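Student: kindly generate the corresponding structure for this input.
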Amino acid sequence: MDASVVAKEQLLSIIERVERLEEEKKGISDDIKEVYAEAKANGYDTKVLRKVVSIRKQDAAEREEQDAILDLYLTALGMVK
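Tutor: Residues are numbered from 1 along each chain as shown. Okay, the predicted model is just below:
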């Protein structure tokens with residue numbers, strides 16, 4: 001088999017895999033939107049829910065460091081009593 005044919009088949013395979021994954025990603029994104037819409041319909045604040053999800057992705061040390069820096073900045077701005 002010619003090297004250019006192999007490269008073409010490999011490239012096509014990669015592109016098709018990416019296309020399938022992009023379609024799956026769109027489906028998952030749509031599912032996530034539906035969950036947030038359901039939460040909003042039940043009275044939850046979706047901005048806060050997104051923040052909670054973001055915080056839960058962080059490890060404890062990273063979260064503690066960010067909290068400490070945030071407190072420092074808020075104190076420096078006179079926003080903490």
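
Student: and the longest helix seen in the chain, what's its mean pLDDT?
Tutor: Determined from DSSP state H, the single longest helix within the chain is helix 3-41. Per-residue pLDDT values over helix 3-41 give a mean of 96.

Student: for that helix, packing partners?
Tutor: helix 46-57 (3 or more C-beta pairs under 8 Å, 6 or more residues apart in numbering; DSSP states H and E). Backbone N, C-alpha and C define where each C-beta goes, glycine included.

Student: which strands and helices sit next to the helix it packs on?
Tutor: Going by 3+ C-beta pairs under 8 Å, 6+ apart, helix 46-57 lies up against helix 3-41.

Student: quick one: the helix it packs on to helix 46-57, angle?
Tutor: Angle of helix 3-41 versus helix 46-57, following axes from the mean of the first three to the mean of the last three C-alpha atoms, to 10 degrees, is 120 degrees.

Student: the residue most central in space within the chain and Ser29, how far apart?
Tutor: In the chain, the C-alpha nearest the mean C-alpha coordinate belongs to Ser54, at 7.7 Å (C-alpha atoms, centre = their mean). Distance of Ser54 to Ser29, given as C-beta to C-beta, to the nearest Å: 16 Å.

Student: near Val53, how many other residues are there?
Tutor: A count of neighbours around Val53, defined by other C-beta atoms under 10 Å, yields 11.
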